[in-house]
Each structure stands twice: as structure tokens, then as C-alpha cells.
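> Got a predicted model here, sequence first, then my questions.
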Amino acid sequence: GQQLNQSPQSMFIQEGEDVSMNCTSSSIFNTWLWYKQDPGEGPVLLIALYKAGELTSNGRLTAQFGITRKDSFLNISASIPSDVGIYFCAGQPFQGAQKLVFGQGTRLTINP
Amino acid sequence: EADIYQTPRYLVIGTGKKITLECSQTMGHDKMYWYQQDPGMELHLIHYSYGVNSTEKGDLSSESTVSRIRTEHFPLTLESARPSHTSQYLCASRKTSSETQYFGPGTRLLVL
């Protein structure tokens, strides 16, 4: 089946730094979603992307749907302690697909 | 804001016990999902439902069963819990016209 490769697996940064993570696949995707999960909680949707090339922001977060439809990235600017958590990308393989494909997650740790 | 609820949030139970994890959503979503996730790891789809009286097995084999008698309710049952079932169980739902899945807060299960 289709797979998403998410990188990096983990990041250790200083507060105030910018963060970049991405998801890639050998297959095209119809929709990209980015979620954040705090410890012991369910994932919360951050950004949804629907068109190739689309660039969408949500506060300090910016995500882009790759032009080839095989990748997506998420940037966080000026990180703060509450950004700590695990970030997951997810893709819808085709229009009408019932299931999402999830990446393995990027664990973000911030040193104050 | 997604209105999807899971109970209990935490459960410690002995081997061999029957348990039911509850999931309810008040958004009228047709599609519902159960994922299994070990701490900090990727999500594995174990069951999903297109609507009332529809259930399908997911990508990861699971000894659990589900039912969908009402739109808003999608319980997951383990007939005989084992230590290998220790994990976090996440419920999600979406409306048919959208790819975005909304997650509940999860149930953390520990089987002794």
C-alpha cells in the first residue's frame, strides 16, 4: 500500500528557532493534512491542503502541498514551549478514499 | 471544534476481562474510525465504519470487534483482554464530504 515517509523522526531545538518537517511519498496524494498530538491526547488538526502548490498558514504554522503531489512540508516559526509534541502528516490517496495514510510522526522537543 | 468523546480515558484491567471502549460524536458524521497507537508511535487503523450497520476491518489485524447501531456511537470491544492489547486507542470521525478526520482524546489501556 501507499506509504508516507516523514522526517525528521525527532527534533531538539531552542525556543525561538524555526522548525521544518516534511512528508514524502512515491505516490501522489489528493489531500494533505497536518496534525499535532500532545502526550496522552488525540491528534488535533492544524492545517488541511487540497490543491497542488497550495500554501496555507495558521498563525506561526505554514504548510505547503508539493507541486508534484508527492510531498508536503510544515514550518513552525519562532517556536515556543507549547509547540512541543508529535506532528503527523496524513494523506488521502485519491478522491473518495475512505482511509488516510499517516506518516510516522516527528517528535519536537524545545529547550527553553 | 470537534465534538467526539471517548470513555474511559484510562483503564487498567486484568487479563481475560471483557472490555468495551466507548466513542461518541455529536457532529452527525457518517464515517468513524478506530486506531491503535503505542506511545509516541504511528497510528494503525484497526476498524472503520461507513455508516449505521457498516463495519470494516482496518489495515492492522486486531482481536477487537466493533458495532455501529447508531450514527453517533461506535464502541470497540475486546472479549478477552491480554497484555498485548496494552496501547492507546483513538476514535475518529469525519463527514462524507470531507477528508478531515477529527479525533477523540483517546483511551489508554493497560492490561495486567
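Yep, that arrived.

> how many other residues sit next to B:Glu42?
Residue crowding around B:Glu42 was assessed by other Cβ atoms under 10 Å in any protein chain shown; the count is 15. Using the backbone N, CA and C atoms, a C-beta is placed for each residue, glycine as well.

> ok, now B:Leu78?
By other Cβ under 10 Å, 20 other residues sit near B:Leu78.

> Check what pLDDT it gets.
We have a pLDDT of 95 for B:Leu78.

> how about it, what does it touch?
By Cβ atoms under 8 Å, 6 or more residues apart in numbering or on different chains, the contact list for B:Leu78 reads B:Lys18, B:Ile19, B:Thr20, B:Glu63, B:Ser64, B:His85.

> Return the set of residues that bridge with the third one.
By that I understand B:Thr20. Taking DSSP bridges as the rule, B:Thr20 bridges to B:Thr77.

> Would you check that it makes contact with B:Phe74?
No: counting by Cβ atoms under 8 Å, B:Thr20 sits too far from B:Phe74 to count as a contact (11.2 Å).

> the more surrounded of those two?
Neighbours were tallied for B:Thr20 and for B:Phe74 using other Cβ under 10 Å; the higher tally belongs to B:Phe74 (28 against 14).

> Now for the more buried one: which residues touch it?
Contact analysis of B:Phe74 by Cβ under 8 Å, 6+ apart lists B:Cys23, B:Ser24, B:Gln25, B:Met32, B:Trp34, B:Ser49, B:Val66, B:Ser67, B:Arg68, B:Cys91, B:Ser93.

> which of those residues are buried?
The neighbour-count criterion (16 or more other Cβ atoms under 10 Å in any protein chain shown) marks B:Cys23, B:Ser24, B:Gln25, B:Met32, B:Trp34, B:Ser49, B:Val66, B:Arg68, B:Cys91, B:Ser93 among the contacts of B:Phe74 as buried.

> Chain A: which of the residues you listed is nearest?
Of all the buried ones among the contacts of B:Phe74, the one sitting nearest chain A is B:Cys91; the distance, using Cβ to the nearest Cβ, is 8.0 Å.
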